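Q: structure for the following, please:
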Amino acid sequence: MVRPTPKRSALSGSPTAPPAPPAPERAAPPAPESAAAEPATAQPKPTPAPAPERPAPRKSTPARASTAPAATPASDGARWTTFEAKTSRLRPDQRTQLTEVARRLTAAKAGAGERITDNTLIRVAVDLLLTRQNELAGTTEQELRTSMGIDFRTS
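A: Down below sits the predicted model:
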């Protein structure tokens, strides 16, 4: 039995496939009942505005020693909004004691004054360290503690 040779394209010489059958037409989905009740001149609903983009994360700046006074309160009174974030690694015992001290001081003030938080105490500790920075000496954390008169063993 002899097979017929496929038809070749006049330009490329490659076999051509028979044309694909046309795609069946799809029926439009039925209109919802509420759409049928609307007049034909109804305007399409406006698309919501895109959500505003979040600002890019700030690049950290090198720490600088400064004896500048504490930040002034913002116009709405939220001082913390004027501070820059700085991440610090604390030992579990430091974190626990820091929280306990903040709670004790908050309870003692009986609602007077500003809120005292762990971050408040960390800022005070940093200010104390910076005012005594000339006393710092050493090449390890323990040596730095000793130079400041802190007798603490991490054993």
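
Q: for the rest of this, base every contact and every neighbour count on C-alpha atoms.
A: Fine.

Q: where in this structure is pLDDT low?
A: 1-77, 153-155 (pLDDT under 70).

Q: for the chain, what's the longest helix?
A: Determined from DSSP state H, the single longest helix within the chain is helix 92-109.

Q: and the helix or strand following it, what's buried?
A: Per DSSP states H and E, helix 92-109 leads on to helix 118-131 as the next helix or strand towards the C-terminus. If you call a residue buried by 16 or more other CA atoms under 10 Å, then helix 118-131 has these buried ones: 118, 127.

Q: on that earlier part again, check what contacts the longest helix of the chain and list those residues.
A: 115, 116, 117, 118, 121 (CA atoms under 8 Å, 6 or more residues apart in numbering).

Q: can I get these in JSON lines with distance to residue 105?
A: Output for the contacts of helix 92-109, formatted as JSON lines (distance: CA to CA, whole Å):
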{"residue": "115", "distance to residue 105": "10"}
{"residue": "116", "distance to residue 105": "7"}
{"residue": "117", "distance to residue 105": "9"}
{"residue": "118", "distance to residue 105": "11"}
{"residue": "121", "distance to residue 105": "10"}
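
Q: which phi and psi does the nearest residue to residue 143 once chain neighbours are set aside have?
A: Leaving aside its sequence neighbours, residue 143 sits nearest to residue 137 (CA to CA, 6 or more residues apart in numbering; 7.0 Å). Main-chain torsions, residue 137, degrees, to the nearest 10: phi -150, psi 140.

Q: is it true that residue 137 touches residue 149?
A: No: Residue 137 is beyond contact range of residue 149, at 11.1 Å (criterion: CA atoms under 8 Å).

Q: neighbour count: the two, which is higher?
A: A side-by-side neighbour count of residue 137 and residue 149, using other CA atoms under 10 Å, places residue 137 first with 14 against 11.

Q: any idea how far residue 126 is from the more buried one?
A: Residue 137 sits 16 Å away from residue 126, going by CA to CA, to the nearest Å.

Q: same question, residue 81
A: In terms of CA to CA, residue 81 sits 18 Å off from residue 126.

Q: could you do residue 119 as well?
A: Taking CA to CA, one finds residue 119 at 10 Å from residue 126.
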